[in-house]
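Visitor: Prediction below, plus the sequence it came from.
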Amino acid sequence: MPGPQISPDQSGQVADAVTGNWVDTLAPAWTRPYLRLSRADRPIGTWLLYLPCVWGTLLAMFHTGETRLFDAWIVLGCGIGAFLMRGAGCTWNDITDRDFDGSVARTASRPIPSGQVTVKQALAWAVIQSLIAFCILITFPVQAILLGIIALGNIIWCVVNFDTDYRQSGFVEVPKQLLGLTGTVNLRVTDLLTGQIYHWFNDWNYVELNPDQLPGHIFKVELNNRR
């Protein structure tokens, strides 16, 4: 059961945000509660979503040797999408944890328990962010959308060769802890770029990357019930 409520900071600043961040000092006052819901005052989560998108776009450009105007939109769209979807996820987290956040000193100053926004307002904000992100998504190629759908509920493992001139090879370690494995490895690994299927039975498995063919692999990792 939630404990006694803790009085939040009357300034509206979230306790675990950096003092003097841009949301608290530069953003219009009416937007601050919503930006705090989205953790815009703590952008590291957005960067962690966004940087792999930039790496992937640059890798494709190096591989094809072409730079298109649409590539700029991919970089921009992924940046906006990373901010929006991270924000929507954080907003939903605050909605579901609202009864507990008010009882913890670190979270009592968040917008919902502190009374800066209502639950209905927070829910509307989550929906708005998700809808805008969806509008961005449907501007991307169908293959990218389908790849994203395939990735849902699966473990996706990217192996990349950043050397565009030479073939690279080596052994990669299976993340047993991430997969919840404690004994023998028995995995079905599908390369989503080529459609090839591998069966891995060892802690370390051989991977080869040829920049003349594909400079990377995107592996979908599944537990294999067959020997």
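Guide: Yep, that arrived.

Visitor: Can you spell out which helices and strands pack onto the helix or strand hosting Leu76?
Guide: Element membership of Leu76 [criterion: DSSP states H and E] is helix 69-96. In terms of contacts (3 or more Cβ pairs under 8 Å, 6 or more residues apart in numbering; DSSP states H and E), helix 69-96 is packed against helix 32-37, helix 44-64, helix 119-137. All C-beta atoms are positioned from the backbone trio N, CA, C, and that covers glycine.

Visitor: Which strand runs longest in the protein?
Guide: strand 216-223 (DSSP state E).

Visitor: Please identify the most buried of the helices and strands packed on helix 69-96.
Guide: When you average the neighbours per residue for each of the helices and strands packed on helix 69-96 (mean count of other Cβ atoms under 10 Å), helix 32-37 leads with a mean of 23.

Visitor: Return the distance of the residue sitting nearest the centre point of the chain relative to Ala88.
Guide: Centroid-nearest residue in the chain, with Cα atoms, centre = their mean: Leu49, separated by 3.9 Å. Leu49 is 12 Å from Ala88, where distance means Cβ to Cβ, to the nearest Å.

Visitor: got it, and Leu59?
Guide: From Leu59 to Ala88 the distance is 27 Å (Cβ to Cβ).

Visitor: got a list of what the residue nearest to Leu192 when sequence neighbours are not counted touches?
Guide: Nearest residue to Leu192 in three dimensions, chain neighbours excluded: Ile218, at 4.5 Å (Cβ to Cβ, 6 or more residues apart in numbering). Residues near Ile218 by Cβ atoms under 8 Å, 6 or more residues apart in numbering: Leu147, Ile156, Trp157, Cys158, Asp191, Leu192, Leu193.

Visitor: For Ile218, give the beta-bridge partners.
Guide: Cys158 (DSSP bridges).

Visitor: Make 285 the first number, not 1, from now on.
Guide: Sure, I'll start counting at 285 from here, so that last one is Ile502.

Visitor: Quick check: can you list the domain ranges of the chain?
Guide: Following automatic domain parsing, one finds the domains of the chain at 306-424, 434-507.

Visitor: Could you dump these into a markdown table with distance to Gly296 and mean pLDDT added?
Guide: Converted to a markdown table, the domains of the chain look like this (distance: least, Cβ to Cβ, whole Å; pLDDT from 0 to 100):
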| stretch | distance to Gly296 | mean pLDDT |
| --- | --- | --- |
| domain 306-424 | 6 | 92 |
| domain 434-507 | 36 | 78 |
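
Visitor: Need the winner for burial among the ones you listed.
Guide: domain 306-424 (a mean of 17).

Visitor: circling back: next, the angle from the longest strand of the chain to helix 328-348.
Guide: Compare the direction of strand 500-507 with that of helix 328-348 by axes from the mean of the first three to the mean of the last three Cα atoms, to 10 degrees and you get 120 degrees.

Visitor: my guess is Thr391 meets Arg320, correct?
Guide: No: the criterion here is Cβ atoms under 8 Å, and Thr391 misses it with Arg320 at 11.5 Å.

Visitor: quick revisit: with distance to Gln297 added, can I get the domains of the chain in a markdown table?
Guide: What follows is those, written out as a markdown table (distance: least, Cβ to Cβ, whole Å):
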| stretch | distance to Gln297 |
| --- | --- |
| domain 306-424 | 5 |
| domain 434-507 | 36 |
